[in-house]
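Chemist: Sequence plus predicted model, see below.
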Amino acid sequence: MNRSIDYGNLMHRAMRSLIQDVLQDVSENGLPGAHHFFITFDSHADGVEMADWLRDRYPEEMTVVIQHWFDNLKVEDDGFGVTLNFGNNPETLYVPYDAIQTFVDPSVEFGLRFETQDMDDDDEDTGDTTDAEDEATDKAPVERKEAEVVSLDKFRKP
């Protein structure tokens, strides 16, 4: 049985825990200074709760901004809920941490991006191999996508 440390999933868990800690602090103390967040999430991920008209408008992903006006920020172990204003229409969203694709705080040039891994839960049972093991058995190397820091240049205004 091949066993390896799954650094990618460990890193994703740690980064999502960081987001939870930051949001928990904001829910208790408000946003400090110029901090604000752009949070992009998969609008059809399991557990995402949002108004139907928002899901229709953002069928794949949605980016929300937590900055000037937000209300009822509730941070839980699996995700967060918040009420945001969409054209003078307050709407409550619930976003599981697993649905988050990017988390950016441009005020301090900080960003996280989560890459999706097309891996079934059954893959753990079959024994995941390393690239070196794949080459040794003449199999094509498995392409692995890991978490990486987002370049904030794409969020800057010209």
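Modeler: Here it is on my side, so go on. All values reported here derive from a predicted model rather than from experimental measurement. Residues are numbered from 1 along each chain as shown.

Chemist: what sits against the residue most central in space within the chain?
Modeler: Taking C-alpha atoms, centre = their mean, the centroid of the chain lies closest to I100, which sits 2.3 Å from it. I100 sits next to 16, 19, 39-41, 114 when contact means C-beta atoms under 8 Å, 6 or more residues apart in numbering. Heads up, the C-betas are built off the backbone N, CA and C, glycines and all.

Chemist: 10 Å - rerun?
Modeler: Contact analysis of I100 by C-beta atoms under 10 Å, 6 or more residues apart in numbering lists 12, 15-16, 19, 39-42, 45, 79-80, 112-114.

Chemist: Tabulate these (TSV), appending secondary structure, neighbour count and distance to M62.
Modeler: Output for the contacts of I100, formatted as TSV (DSSP: H, G, I helix; E, B strand; the rest coil; neighbours: other C-beta atoms under 10 Å; distance: C-beta to C-beta, whole Å):
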residue	secondary structure	neighbour count	distance to M62
H12	helix	20	20
M15	helix	18	20
R16	helix	20	18
I19	helix	19	16
I39	strand	23	9
T40	strand	18	7
F41	strand	25	6
D42	strand	19	8
A45	coil	16	11
G79	strand	24	14
F80	strand	22	14
L112	strand	21	17
R113	strand	16	16
F114	coil	25	15
